[in-house]
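Enquirer: Give me coordinates for this.
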Amino acid sequence: MARQKPAPKFLNLLVIKLPPGGIASIGHRISGVLMFLSIPLLAWLFGLSLENTQGFQQARQHLHSTPVMLLSVLLVWSLSHHLLAGIRHLLLDVGIGLDKATARLSAWLVNLGALLATAWYAVKLL
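Expert: Sure, this is the predicted structure:
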């Protein structure tokens, strides 16, 4: 019986060249985690805004602070990427876009669409 070579182990994610579908898939997971982790902050801000008039003004001040504005840009990317990637995955689940060329194109559209939506939001924020 022939001896098999061990599978290569190359795990440096900064050097591995992922296809667009891989980038979209990893981005989908990252965006979901970011949205989940933002829930406590958003719930706190919402609760603060409902306490009284002073709480509402404090929440507005927090929302206009630089860190929260940067976080909102990140969350817009997260929401738009997760939405577009989710639609792409649903279409793939029903058999639409399974051939290689269409799958690559849809992955590029997801990645670029999320970046364009984020850029549009960031420009509007300024």
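
Enquirer: looking at it, residue 115 is touching residue 77, isn't it?
Expert: Yes: in this structure residue 115 lies within contact range of residue 77 using C-beta atoms under 8 Å: 7.3 Å. Just so you know, the C-beta spots here come from the backbone N, C-alpha and C atoms, and that holds for glycine as well.

Enquirer: who has more neighbours, these two?
Expert: The neighbour comparison of residue 115 against residue 77 (other C-beta atoms under 10 Å) goes to residue 77, with 21 against 13.

Enquirer: Name the nearest residue to the more buried one, sequence neighbours excluded.
Expert: By the measure of C-beta to C-beta, 6 or more residues apart in numbering, the closest residue to residue 77 outside its immediate chain neighbours is residue 118, 4.2 Å from it.

Enquirer: how close does the nearest residue to residue 45 once chain neighbours are set aside get to residue 87?
Expert: For residue 45, the nearest residue in space outside its immediate sequence neighbours is residue 59; the separation is 5.1 Å by C-beta to C-beta, 6+ apart. The gap separating residue 59 from residue 87 is 32 Å, by C-beta to C-beta, to the nearest Å.

Enquirer: Tell me which of these two has more neighbours.
Expert: Between residue 59 and residue 87, counted using other C-beta under 10 Å, the more crowded position is residue 59 (19 against 13).

Enquirer: Wait, the more buried one touches residue 43, no?
Expert: No: using C-beta under 8 Å, residue 59 is not in contact with residue 43; the gap is 11.6 Å.

Enquirer: how many other residues sit next to residue 9?
Expert: Each residue near residue 9 was counted by other C-beta under 10 Å, and the total is 5.
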